[in-house]
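Asker: quick one, what's the 3D model for this:
(one chain, ligands or ions: 1)
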Amino acid sequence: MVKVRFAPSPTGFLHIGGARTCLFNWLYAQAKKGKFILRIEDTDIKRSKKEFLDEILESIRWMGIQWDELYFQSQRLSLYKEFAEKLLRENKAYREENQAIVFKVEPSKLKIKDLIHGEIEFDTSVIKDQVLIKADGTPTYNFACVVDDATLGITHVIRGDDHISNTPKQVLLYEALGFPLPEFAHIPLILSKEGGRLSKRTGATSISEFRQMGYLSEALVNYLLLLSWSPKDNQELIDIQKAVSLFDIKEVNKTAAVFDIDKLNWINSQYIKKYPEQELLEKLIPFLMRRGYLCKDNLNREYLLNVVKLYKERLSTLRDFVEWADFFFVDEVTIEKELQEKFFKKDLSKEFFLFLEKLERLEEFNISNIELCFRQVVKELNIDSRQLIHPVRVALTGKTVGPGLFEIIYYLGKEKVTRRLKRWIN
Ligand code: GLU
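Answerer: As a prediction, this is how the structure comes out:
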């Protein structure tokens, strides 16, 4: 049975690269009806933090990934010691004065088969003797990794390219301990558009940041899938179950993937469009609450749903909604100076007054009647409709673009509309 693992160190947040490694491992396990193991590599006591661990676990869950087994290296220290002592007894390792246990590296030529890169050759004569257990009693990454992968029965080690140079060191340890070798698959790095490694400078890197920016987990997972892999028909929108049925680790690209935020935004917008409105609403509520636009006891879901419908087709991220529809949730709208100068230099008292007067007299305040009032004002004053539509939009929303103006007026309600237009009447 296929058994794979994702082995994050809780010394930082789960970033895009790690998340993709996690996803590919999980996918492969699903595709092969195998097991997916999560192993927390937390032997570096100084750098490991609970907040990182919590974020990693939370992010993996958020992506919809479930693990079959969970291990913490910090709970397996005696196991590493036991195997290190075995190597000591067999004279394959020695103890230093400071009590560290060190593995003797013999010069040899190693050929390692990698499922993605093919055969890779290494000359171990350039590798120094390897510390297995440090003076403080904790194991090194390479040693703990081998002991765990072997004793947990990992069949495929799928991880980032940055670990290729560790692989010969690990293979030597497998051989010394008499463990059978797993298969190795090293997936390429994700680079920024500029070519360097992804960093804070080139945008968000951690999964929790993407989540806060308003990406749907389904969309982010879809995007991650396409970094270094694509289904044969090059389909871009692919749901996870379909991916499971098509995925094979051998088909992952060798060359680095490039992180393209525009593509992620496009995929996210497509998922938002397809998303059931009620569910989308539930996802938006926390965003609105965080901004202080809503609180638990003033939730009018029916109203909110209508506003969501106005925007659904336009959003790239959930946060766009908060930025663009903000004027529905505040008392006073702020209008930037530039816009004030552009739209309200001319006195619009007469136009706004007439429009409000007509709205006031409406028997039924609905979208088509609002439009009717508007048309009448334009006709009576003999002006171009654009001369009114843009300033009204800016006065009500503080923005020059958005959904249809008459719908905005309707959902804002007569009271807010009156207040916001009156501001510009002398
Ligand atoms: N803890 C290592 C890392 O986060 C795991 C590498 C591996 O998968 O072997 O990079």
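Asker: please name the nearest non-neighbouring residue to whichever residue of the stretch 151-300 of the chain sits closest to the ligand.
Answerer: Among the residues of the stretch 151-300 of the chain, residue 159 lies nearest to the ligand; the distance is 3.5 Å by Cβ to the nearest ligand atom. Quick note: C-beta positions are derived from backbone N, CA and C, even for glycine. What sits nearest to residue 159 in space, not counting adjacent residues and going by Cβ to Cβ, 6 or more residues apart in numbering, is residue 21, at 5.8 Å.
Asker: then residue 44?
Answerer: For residue 44, ignoring the flanking residues on the chain, the nearest one in space by Cβ to Cβ, 6+ apart is residue 11 at 6.3 Å.
Asker: tell me the secondary structure at the one you found.
Answerer: Following DSSP: H, G, I helix; E, B strand; the rest coil, the label given to residue 11 is coil.
Asker: okay but residue 138 is in contact with residue 44, surely?
Answerer: Yes: here residue 138 lies in contact with residue 44, judged by Cβ atoms under 8 Å, at a distance of 7.5 Å.
Asker: shared neighbours, those two?
Answerer: When contacts are counted by Cβ atoms under 8 Å, 6 or more residues apart in numbering, the set common to residue 138 and residue 44 is empty.
Asker: now stretch 295-302, how far from the chain's geometric center?
Answerer: The chain centroid and the centroid of stretch 295-302 are separated by 28 Å under Cα atoms, centre = their mean, to the nearest Å.
Asker: so what's residue 169 up against?
Answerer: Going by Cβ under 8 Å, 6+ apart, residue 169 touches 105, 127, 130, 142.
Asker: secondary structure element for the first one?
Answerer: Using DSSP states H and E, residue 105 sits within no helix or strand.
Asker: can you check the last one too?
Answerer: When elements are assigned from DSSP H and E, residue 142 belongs to helix 141-151.
Asker: buried ones in that helix?
Answerer: Neighbour-count burial for helix 141-151 flags 141, 142, 143, 144, 145, 146, 147, 148, 149, 150 (criterion: 16 or more other Cβ atoms under 10 Å).
Asker: helix, strand or coil for the residue of the stretch 151-300 of the chain closest to the ligand?
Answerer: Assigned by three-state DSSP, the conformation of residue 159 is strand.
Asker: and it, how many residues sit next to it?
Answerer: Taking other Cβ atoms under 10 Å as the criterion, the count of residues near residue 159 is 23.
Asker: list the contacts for it?
Answerer: By Cβ under 8 Å, 6+ apart, the contact list for residue 159 reads 7, 21, 185, 186, 187.
Asker: filter these down to the ones close to the ligand.
Answerer: Restricting the contacts of residue 159 to those near the ligand by Cβ under 6 Å from any ligand atom leaves residue 7.
Asker: pretty sure residue 112 sits in a helix.
Answerer: No: using three-state DSSP, the assignment for residue 112 is strand, not a helix.
Asker: residue 16 contacts residue 259, doesn't it?
Answerer: Yes: in this structure, residue 16 is within contact of residue 259 by Cβ under 8 Å, at 6.6 Å.
Asker: what touches both of those two?
Answerer: When contacts are counted by Cβ under 8 Å, 6+ apart, residue 16 and residue 259 have 190, 198, 227 as shared neighbours.
Asker: can you pull the pLDDT of residue 202?
Answerer: Predicted confidence (pLDDT) for residue 202: 69.
Asker: just the pLDDT for the nearest residue to residue 145 once chain neighbours are set aside.
Answerer: Spatial nearest neighbour of residue 145, chain neighbours left out: residue 170 (6.4 Å); criterion: Cβ to Cβ, 6+ apart. In the predicted model, residue 170 carries a pLDDT score of 98.
Asker: over to the one 10 residues further on?
Answerer: The predicted structure scores residue 180 at 98 on the pLDDT scale.
Asker: report how many residues lie close to residue 79.
Answerer: Burial of residue 79 is recorded as 15 neighbouring residues (other Cβ under 10 Å).
Asker: quick one: distance of the helix or strand harbouring it to the chain centre.
Answerer: Residue 79 is located in helix 77-89, with elements delineated by DSSP H and E. Helix 77-89 sits 39 Å away from the centroid of its parent chain (Cα atoms, centre = their mean).
Asker: buried residues, it. List them.
Answerer: The neighbour-count check on helix 77-89 (16+ other Cβ under 10 Å) flags 80, 81, 83, 84, 87, 88 as buried.
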